[in-house]
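>>> Need coordinates for the following:
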Amino acid sequence: MEVASALSGGLWRHVAPLTHRHGRALAHLRDAMPELDEPERERVIRAMWDNLGRTFAESFHLDAIAADGRVTFEDHAVLEAWAARPGGRVACAGHLGNWELAILGIMQVGAKPWSIYRPMNNPHVDADVLRMRSFLYTGGLVPKSGSVPRQFMKIVRDGGSIGFLSDQRENNGIVVPLFGKPAPSTTFPAMLARSVGAPILMVRMRRLPGVRFVQSFELLPVEETADRKADIEAATMAIQKTFERYVRQAPEQWMWAHRRWS
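Sure thing, here's the model as predicted:
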């Protein structure tokens with residue numbers, strides 16, 4: 001596992017900078033964190049490719065990583081309090097560290113999480129990827145479709161738990177600031193959380209040496225005023241602001257090549 005992770009990370013670190021995505025990632029980092037000089041930006045983006053390469057290789061070993069105690073937890077009392085609260089629950093994580101394992105803590109406290117995924121174009125590859133991930137989603141893992149909002153609203157109102165990777169661009173969402181730039185963002189987690197009067201569990205994954213990770217948690221309150229739309233917008237903005245804080249603390253572990261901004 002560790003050899004596969006290191007080899008894949010090294011390959012991505014050396015090959016990815018030869019693609020056009022490297023320039024895009026550097027430009028995004030320059031705009032978001034102008035305080036970094038050019039050598040530091042280059043270091044961060046090459047380390048980002050290393051993290052992505054490692055995450056790819058580790059995706060074939062998710063069950064072993066989970067079983068071997070390679071993920072440790074901080075602020076576990078926050079997670080337990082969130083899982084113990086009555087009613088539906090919503091959690092958000094970003095593409096940091098190995099994000100495939102971001103749901104692990106929620107699964108281990110027995111919350112039986114649900115989530116959504118974007119199907120692969122190749123149905124055989126899609127089936128394999130779904131098989132590798134499914135043990136983490138003891139509620140269910142469903143493909144993105146027009147029926148998901150209604151399905152997930154019923155799940156959360158029936159007391160279920162739903163986890164999202166919600167740091168990527170969502171053109172059907174709203175535009176909120178991220179690193180001071182307008183970023184189209186999903187409102188779905190905030191909408192679900194407000195519908196059941198629940199705080200949002202923010203989950204952060206950090207990579208450590210040797211295929212090891214630390215997962216930490218914090219609760220994000222969701223206001224419930226007479227203005228439902230404003231409440232959802234405020235919570236969405238708070239989610240993205242939290243992601244920005246996580247990324248600033250470990251910029252090499254985020255996906256800078258993604259077309260995140262307007």
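>>> Now do the least confident helix or strand in the chain by mean pLDDT: which elements does it pack against?
The helix or strand of the chain with the poorest confidence is helix 123-134; it has a mean of 89 (mean pLDDT, DSSP states H and E). In terms of contacts (3 or more CB pairs under 8 Å, 6 or more residues apart in numbering; DSSP states H and E), helix 123-134 is packed against helix 62-67, strand 140-143. Every residue, glycine included, has its C-beta placed from N, CA and C.
>>> For the stretch 1-150 of the chain, which segments count as helices?
Assigned by DSSP state H, counting those that start in this stretch, the helices in the stretch 1-150 of the chain fall at 2-15, 20-32, 38-58, 62-67, 76-84, 104-108, 123-134, 148-157.
>>> Could you look over the ones you listed and pick the most buried one?
Ranked by mean neighbour count, these are led by helix 104-108 with a mean of 23 (mean count of other CB atoms under 10 Å).
>>> same question for it, mean pLDDT?
Across helix 104-108, pLDDT averages out at 96.
>>> nearest to Phe179, of the helices of the stretch 1-150 of the chain?
Of all those, it is helix 20-32 that lies closest to Phe179, at 3.7 Å by CB to CB.
>>> Break this protein down into its domains, please.
1-68, 70-253 (automatic domain parsing).
>>> Endpoints of the longest one, how far apart?
By that I understand domain 70-253. In domain 70-253, first residue to last residue: 17 Å (CA to CA, to the nearest Å).
>>> try the first one
Looking at domain 1-68, the gap from its leading to its trailing residue is 11 Å under the measure CA to CA.
>>> Give me the distance between that domain and the centre of its chain.
16 Å (CA atoms, centre = their mean, to the nearest Å).
>>> Repeat that for stretch 245-262.
11 Å.
>>> Could you do stretch 121-141 as well?
17 Å.
>>> cool, and stretch 130-143?
The answer for stretch 130-143 is 15 Å, by CA atoms, centre = their mean.
>>> Quick check: end-to-end length of that stretch?
End to end - CA to CA - stretch 130-143 spans 10 Å.
>>> picking that back up, least reliable of the helices and strands packed on helix 123-134 going by mean pLDDT?
strand 140-143 (a mean of 92).
>>> and that one, which strands flank it?
Using DSSP bridges, strand 140-143 pairs in its sheet with strand 113-117 (parallel).
>>> Just the C-alphas of the partner strand, formatted as PDB.
Taking Å, rounded to 0.1, in the frame of the first residue of the first chain, the C-alpha atoms of strand 113-117 are listed here in PDB:
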ATOM      1  CA  PRO A 113     -24.400   7.800   6.100                       C
ATOM      2  CA  TRP A 114     -25.900   8.300   2.700                       C
ATOM      3  CA  SER A 115     -24.200  10.200  -0.100                       C
ATOM      4  CA  ILE A 116     -24.300  11.000  -3.800                       C
ATOM      5  CA  TYR A 117     -21.700  10.300  -6.500                       C
END
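>>> Pull the residues that contact that strand.
91, 103, 106-107, 130, 133, 136-144, 148, 152, 155, 160-165 (CB atoms under 8 Å, 6 or more residues apart in numbering).
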